[in-house]
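A.B. asks: Quick one: sequence plus predicted model below, questions after.
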Amino acid sequence: MPINIPGELPAKQLLKKEKIFVMEEGRAKEQDIRPLNIAILNLMPEKERTELQLLRLLGNTPLQVNISFLNTASHKSKNISKSHLDDFYETFQEVKGRRFDGLIITGAPIEHLAFKDVNYWEELTEIMEWSKENVTSVLHICWGAQAALYHHYGIDKFDLPEKCFGVFSHNVSDPTVNLVRGFNDEFNAPHSRYTDVPVEEIERNPELTLLSKSDDAGAFIVISKDEKHIMITGHLEYDADTLAEEFNRDINKGVDVKIPANYFPNDDPAREPLNTWRSHTHLLFSNWLNYYVYQETPFEWK
């Protein structure tokens, strides 16, 4: 089934080229079904790229999904045009009277800052508090996952001696949990961050379950016992070339960064990297939409 997005969104044509079923608002309104309403709080600087990555995944399930993009009012994005934000994004103040079946809070390249030093931290915590009563399930990605662990469970991040950068192998602690249903015992996932969260504190917290971790990249998939919050510390949504672009960007800026681990064939940046995590990415998003959103959300919010 399709995702329902604005007809003029730039990602639309790219999604159609990839054979992702996209439906415009007019046609969607003619269908006599209850679509899922998913909000995406997009904190990434390259918003159009993140839009495409997430829409590609949300559009690959049997469910019809309405998408609402959110941006922070307390922070002005520098890498996207004001017209794009005006046309396709809403602020929290504009949507807080509504209820959503699912919410995605993306990462942001600000992990060097203490949470309370982030200029939109107060706004983000207001959104996270609002989500407790107005969203069925929240999926937090990378820095968004660290922010959720800190705000909801008091687990702070810590600085790494060097950037966690590359594609790493992960295991699954309990394959019977719906979120990882169908996962291999070991699977790959990309990471790109300078901070981490303590595995021991997550495992000791009675409100959390550590579903997946990596010997090299630490905690990866964390789910709350009430299944309200899902936290993914890496970037399963990344394209095959995203880490390469980040690597080249850092090199051009003079940043001392190592070649992404287990990424370029033979560790040769001149060679094209392969996407070795795509199937598990689609599976995780499909499981989230089905088991934690569609199966749990009320048909009519009261």
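C.D. replies: On my side now, so go ahead.
A.B. asks: Now do the phi/psi pair for the nearest residue to residue 152 once chain neighbours are set aside.
C.D. replies: In space, residue 152 comes closest to residue 229 once its chain neighbours are excluded; the distance is 6.3 Å by CB to CB, 6 or more residues apart in numbering. Bear in mind the C-beta positions are built from the backbone N, C-alpha and C, glycine included. Phi and psi for residue 229, reported as degrees, to the nearest 10, are phi -120, psi 130.
A.B. asks: All the strands of the stretch 201-302 of the chain, residue numbers only.
C.D. replies: Taking DSSP state E, counting those that start in this stretch, the strands of the stretch 201-302 of the chain run over residues 208-214, 218-224, 229-232.
A.B. asks: can you check the stretch 1-150 of the chain too?
C.D. replies: Taking DSSP E, counting those that start in this stretch as the criterion, the stretch 1-150 of the chain carries its strands at 3-4, 22-23, 36-41, 65-70, 89-90, 100-105, 135-141.
A.B. asks: which outside residues touch the longest one?
C.D. replies: Contacts to strand 135-141, defined as CB atoms under 8 Å, 6 or more residues apart in numbering, come from residues 39, 99-107, 128, 131, 147-148, 227-232, 235, 237, 288, 292-293, 296-298.
A.B. asks: strands paired with that strand, and their directions?
C.D. replies: Listed by DSSP bridges, the sheet partners of strand 135-141 and their directions read strand 100-105 (parallel), strand 229-232 (parallel).
A.B. asks: what's the offset of the longest one from the middle of its chain?
C.D. replies: Distance of strand 100-105 from the chain centroid (CA atoms, centre = their mean, to the nearest Å) equals 10 Å.
A.B. asks: Before we move on, what's the pLDDT of residue 81?
C.D. replies: Per-residue confidence at residue 81 stands at 80 (pLDDT).
A.B. asks: what's the spacing between residue 102 and residue 94?
C.D. replies: As defined by CB to CB, to the nearest Å, residue 102 lies at a distance of 18 Å from residue 94.
A.B. asks: Which positions within stretch 163-173 qualify as buried?
C.D. replies: 163, 164, 165, 166, 167, 168, 170, 171, 172 (16 or more other CB atoms under 10 Å).
A.B. asks: Which residue ranges of the chain form helices?
C.D. replies: Counting by DSSP state H, the segments of the chain that form helices are 11-17, 25-29, 47-58, 82-88, 92-95, 121-134, 143-153, 199-204, 242-252, 278-287.
A.B. asks: And those helices, which one averages the lowest pLDDT?
C.D. replies: Least confidently modelled of the helices of the chain is helix 25-29, at a mean of 51 by mean pLDDT.
A.B. asks: Turn the buried residues of stretch 163-173 into TSV, columns for pLDDT and distance to residue 70.
C.D. replies: Rendered in TSV, the data for the buried residues of stretch 163-173 read as follows (pLDDT from 0 to 100; distance: CB to CB, whole Å):
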residue	pLDDT	distance to residue 70
163	94	28
164	96	27
165	97	28
166	98	30
167	98	29
168	98	30
170	98	29
171	97	34
172	97	31
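A.B. asks: Out of those, which sit inside strands?
C.D. replies: Among the buried residues of stretch 163-173, the ones falling in strands (DSSP state E) are 163, 164, 165, 166, 167, 168, 170, 171, 172.
A.B. asks: nearest residue to residue 125 other than its sequence neighbours?
C.D. replies: Residue 125 sits nearest to residue 151 (CB to CB, 6+ apart), 5.7 Å away.
A.B. asks: hang on, that neighbour packs against residue 131?
C.D. replies: No - contact between residue 151 and residue 131 fails when scored by CB atoms under 8 Å: they sit 10.6 Å apart.
A.B. asks: neighbour count winner among those two?
C.D. replies: Comparing residue 151 with residue 131 by neighbour count (other CB atoms under 10 Å), the higher total belongs to residue 131, at 23 against 17.
A.B. asks: related to what we said a few turns ago, quick one, which of the strands paired with strand 135-141 is packed in tightest?
C.D. replies: strand 229-232 (a mean of 27; mean count of other CB atoms under 10 Å).
A.B. asks: Tell me the gap between it and the middle of its chain.
C.D. replies: 9 Å.
A.B. asks: now do stretch 51-60
C.D. replies: Centroid separation for stretch 51-60 versus its chain: 11 Å, with CA atoms, centre = their mean.
A.B. asks: can you check stretch 79-89 too?
C.D. replies: Between the centre of stretch 79-89 and the centre of its chain there are 20 Å (CA atoms, centre = their mean).
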